[in-house]
Structures are given as structure tokens and as C-alpha cells.
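Participant: how would this look folded up:
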Amino acid sequence: QNLSIQQQEEVLRSTYELAAKDLLLRTIQRMQTLRPQAKFGFYGLPLRRHSEYSSPTAQLAAREYNDAMRWIFDAQDVFFPELYQRFLVAPSPQEVNWTLRWPREKLETLMQSNIEEARRLAGSKPVYVLTMVRFSELTPSLNNEPLTDELYDLAIRSPKQYGADGIVIWDFLRSDAERQRL
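Facilitator: The predicted structure is shown next:
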């Protein structure tokens with residue numbers, strides 16, 4: 001009572017966040033009690049950034065956000081950052097189109113900086129990159145098209161090079177030909 005609208009919003013925000021955090025942590029603790037040998041992690045955490053982890057200004061903001069969420073990272077047993085390929089590799093600088101074709105070095109930086117941030121937050125916990133063997137619905141113009149060989153290399157081989165413990169191919173195969181290609 002007798003608080004300004006802004007003060008009321010702050011009270012509601014902070015009490016909601018505390019209640020949500022408490023519920024989530026108690027749920028994880030209960031799951032760990034019920035399944036003591038299971039390893040728990042959250043899909044896509046830390047949140048994927050479009051190269052923000054490698055940009056000095058944005059890196060600071062993104063890392064501050066992650067550090068403020070340390071409680072959820074501490075609760076995880078394993079990390080599953082989502083690093084689906086969303087862009088084609090531009091064959092030349094003239095063909096860069098930031099909505100569809102990126103320079104390979106920018107895609108590598110995106111992969112590397114996201115894995116390094118997950119590794120920073122994970123400490124000694126395992127980091128398994130979620131990837132696909134095709135473009136997802138996040139790239140509508142390429143939806144369900146298989147990755148190019150160059151992008152397979154980036155998605156399948158490079159996570160280990162950048163510090164991931166492994167990959168999880170979060171995908172489906174619609175035919176024997178797709179299985180053989182994979």
C-alpha cells in the first residue's frame with residue numbers, strides 16, 4: 001500500500017522471481033531425489049546469442065545476465081546450449097546477407113563464443129551442444145533442407161574444438177537416404 005506504480009511493479013517483479021526460482025529449484029531437488037542417478041540440464045541454456053559473446057559491449061551485458069542467473073546454472077548437472085545452424089556460409093564478402101548468408105569466420109565465432117560461455121558457466125560440468133543435421137524452422141527459406149557439407153563440419157566437428165564435451169543431434173530422419181547421409 002501507498003507505493004507508487006513503479007514501486008509496486010518492483011515488489012511484484014521481485015516477489016514473482018523469488019517464487020518462480022523457489023518452485024523451479026524445489027522441482028529440480030525433487031526430481032533428483034526421485035532419480036538420484038539422472039543428470040538434469042535445461043534445453044538452450046545459456047541462451048544463444050548471435051555473436052554477442054564475442055562483442056565486447058554486448059558480451060558484458062550477456063555475461064552479466066548469465067551471472068544473475070547463476071542459480072539456475074548451478075542447479076544443472078549438464079549444459080545443453082542450442083547451436084542450430086541458421087545461416088548459409090557466404091562464398092565471398094560480396095555475398096554476405098545478414099539474414100541468410102554469413103561469413104564462415106562469423107559463424108565460427110558464434111559457435112566458439114557460445115560454447116566458451118557455456119563452458120565458463122558450467123565449470124567442470126559437461127557441455128553437450130544441441131545441433132541438427134538440417135536447417136530448422138528458424139530459417140524459413142531453408143526449412144528442413146539438409147546442412148551443406150561446410151555447415152555439417154561446423155555443427156558436428158567444431159564443438160569439440162571449442163571446448164564442448166560432445167554434441168546431441170536434436171533432429172529426426174525422414175528416410176533411409178537421410179540416415180545414410182548422416
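Participant: longest single helix anywhere in the protein?
Facilitator: When the chain is parsed with DSSP state H, its longest helix is helix 5-34.
Participant: List the buried residues for it?
Facilitator: I28 (16 or more other C-beta atoms under 10 Å). From N, CA and C alone the C-beta is placed, and that goes for glycine too.
Participant: next helix or strand past it?
Facilitator: helix 56-68 (DSSP states H and E).
Participant: Only C-alpha atoms, please: export that following helix in CSV.
Facilitator: In CSV, the C-alpha atoms belonging to helix 56-68 read as follows (Å, rounded to 0.1, in the frame of the first residue of the first chain):
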residue,chain,number,x,y,z
PRO,A,56,32.9,-6.6,-26.1
THR,A,57,29.9,-4.3,-25.3
ALA,A,58,27.2,-6.9,-25.7
GLN,A,59,29.4,-9.6,-24.1
LEU,A,60,29.4,-7.7,-20.8
ALA,A,61,25.6,-7.4,-20.8
ALA,A,62,25.1,-11.0,-21.8
ARG,A,63,27.5,-12.3,-19.2
GLU,A,64,26.0,-10.1,-16.5
TYR,A,65,22.6,-11.6,-17.4
ASN,A,66,24.0,-15.1,-17.2
ASP,A,67,25.8,-14.3,-13.9
ALA,A,68,22.5,-13.0,-12.5
